[in-house]
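Asker: here's my sequence, what's the structure:
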Amino acid sequence: MGSSLGGFLSIQLSSDLNLFAVALNPSTNPYDSLRRYIGKRKNFKTGIEFEFTEEAVNSYPKKCELDGCAVIYLMDGDETLDAKETFEKLNQNYNCKLISGGGHRFKDITPYLNEIIEEYNVFKNKKL
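Answerer: Next comes the predicted model:
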């Protein structure tokens, strides 16, 4: 399970390792979307400054072909990523849920736990 860049990584691992994943407001192209953060940054938790480099951004693939088994939740109020664009990009290969409201920080997964468990069970039964 992952959110934002972690959502991208969980989908990537799902695809590479044939695992089930849950992604919340995932990034679909960190090679492009992270460019705006190059430069001096501050760690949100510690306040320590660090340099986010172009080299770090370039470590992501330029184009990602994502396929695998994941359920993806997108909040259409996401102020960081375009949820509708992400839905269009991923809905052909994944079970995507576009949810009204919310924001980039997915605050409560609880209402979706039963759906996630059902999706996982379908995936598990296909693997057997």
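Asker: mind listing what's buried in the lengthiest helix in the chain?
Answerer: In the chain, assigned by DSSP state H, the helix with the most residues is helix 113-127. Buried residues in helix 113-127, counted by 16 or more other CB atoms under 10 Å: 119, 123. Every C-beta, even on glycine, is put in place using the N, C-alpha and C of the backbone.
Asker: pull the residues that contact it.
Answerer: 18, 20, 22, 69, 71, 95, 97, 109 (CB atoms under 8 Å, 6 or more residues apart in numbering).
Asker: surely the last one and residue 24 touch.
Answerer: Yes: under the criterion of CB atoms under 8 Å, residue 109 lies in contact with residue 24, with a separation of 7.1 Å.
Asker: ok, the residue nearest to residue 105 when sequence neighbours are not counted to residue 33 distance?
Answerer: Setting aside the residues directly before and after it, residue 105 is nearest to residue 3 in space (CB to CB, 6 or more residues apart in numbering), at 7.9 Å. To residue 33, residue 3 is 14 Å away according to CB to CB, to the nearest Å.
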